[in-house]
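Visitor: Just a sequence and a predicted model for now, questions to come.
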Amino acid sequence: MWSGRGARHARTPATARVSLDVDIAPDLPPLQADEDALVTALRNLLDNACKYTPADRRISVRVYAEDGRVVFAVKDNGIGIAARDRKRIFRRFYQVDRSLAREAGGCGLG
């Protein structure tokens with residue numbers, strides 16, 4: 001059972017240089033999940049937000065309940081993803097713009 005502690009431990013070295021706001025709603029419904037996998041997913045999202053956000057990095061993480069589900073939302077003030085690329089971003093190693101990857105490092109969503 002996921003306890004919610006993992007969201008607070010998802011900080012990475014890259015997030016140390018940003019304005020990071022974490023908001024975890026109280027009284028979340030029980031969640032059967034692999035805590036390590038959730039932390040890994042959040043860390044990947046945070047790392048990507050840091051890589052592709054300008055110098056005044058502002059990132060927020062919200063965890064809240066909606067329609068009986070637990071929702072994890074990561075928002076940043078980065079460059080975003082074009083609508084035409086959104087369907088493909090969950091393909092293994094897919095990168096929207098390979099020139100950005102050379103600059104920021106990485107090989108797609110972790």
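Guide: That came through fine.

Visitor: what are the C-alpha coordinates of stretch 44-54, in PDB please?
Guide: Extracted as PDB, the C-alpha positions of stretch 44-54 are listed here (Å, rounded to 0.1, in the frame of the first residue of the first chain):
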ATOM      1  CA  ASN A  44      11.600  11.200 -14.100                       C
ATOM      2  CA  LEU A  45       8.800  13.800 -14.400                       C
ATOM      3  CA  LEU A  46      10.700  16.200 -12.100                       C
ATOM      4  CA  ASP A  47      14.000  15.700 -13.900                       C
ATOM      5  CA  ASN A  48      12.400  16.400 -17.200                       C
ATOM      6  CA  ALA A  49      10.700  19.500 -15.900                       C
ATOM      7  CA  CYS A  50      14.000  20.700 -14.600                       C
ATOM      8  CA  LYS A  51      15.900  19.900 -17.900                       C
ATOM      9  CA  TYR A  52      13.400  21.700 -20.100                       C
ATOM     10  CA  THR A  53      12.400  24.700 -18.000                       C
ATOM     11  CA  PRO A  54      14.200  28.100 -18.200                       C
END
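
Visitor: Remind me what the helix or strand hosting residue 44 packs against, helices and strands.
Guide: For residue 44, the host element (DSSP states H and E) is helix 35-51. For helix 35-51, the packing partners by 3 or more Cβ pairs under 8 Å, 6 or more residues apart in numbering; DSSP states H and E come out as helix 5-8, strand 58-66, strand 69-76. From N, CA and C alone the C-beta is placed, and that goes for glycine too.

Visitor: can you list those in CSV and add distance to residue 29?
Guide: Compiled in CSV, those are given as follows (distance: least, Cβ to Cβ, whole Å):
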stretch, distance to residue 29
helix 5-8, 15
strand 58-66, 6
strand 69-76, 6
